[in-house]
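Colleague: how would this look folded up:
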Amino acid sequence: METTGNKLNEIGKTNPFKVPAGYFENFSNNILFQLPEKEKKNPQIINLWERVRPWVYMAAMVAGVALMFNIFAHKPESEGIFSKDVKNIPITEIDELNSYYQEKGAYVSYLDALYDDDVL
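Modeller: Prediction:
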């Protein structure tokens, strides 16, 4: 197999590719003619609630997490009725509470009997 030299010298400086006559004059018109027509869409109207809704939901979640944190992680600062030692409560205070709740219970049962429809 013989090589005859540089192939570029054989081809020369002529361009082997040809463009049809008037191709670039009608190029943009041909491309636009081949494209499908776009459907015009009406702009979507977004009301105020749809814009604000994600922020409201986020604020509600943050408030819920803060509330849960306060409920579960917060220690009571003051002593309540259940923090007292039962042995140190004086008997007079127990008697006063007992008589108060007995009177309250009697009054509530009186009101129930007064407004009960089945009795009449």
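
Colleague: so what does the helix or strand harbouring Phe72 touch, helix or strand wise?
Modeller: Secondary-structure assignment from DSSP states H and E places Phe72 in helix 48-73. Applying 3 or more C-beta pairs under 8 Å, 6 or more residues apart in numbering; DSSP states H and E, one finds that helix 48-73 contacts no other helix or strand. Yep, even glycine has a C-beta here, placed from its N, CA and C like the rest.

Colleague: just how off-centre is it within its chain?
Modeller: Using C-alpha atoms, centre = their mean, to the nearest Å, the mean C-alpha position of helix 48-73 is found 9 Å from that of the whole chain.

Colleague: if you average pLDDT per helix and strand, which one of the chain comes out bottom?
Modeller: Ranked by mean pLDDT, DSSP states H and E, the weakest helix or strand in the chain is helix 91-114, scoring a mean of 69.

Colleague: hang on, the earlier thing: give the rounded mean pLDDT of the helix holding Phe72.
Modeller: The pLDDT scores in helix 48-73 average 93.
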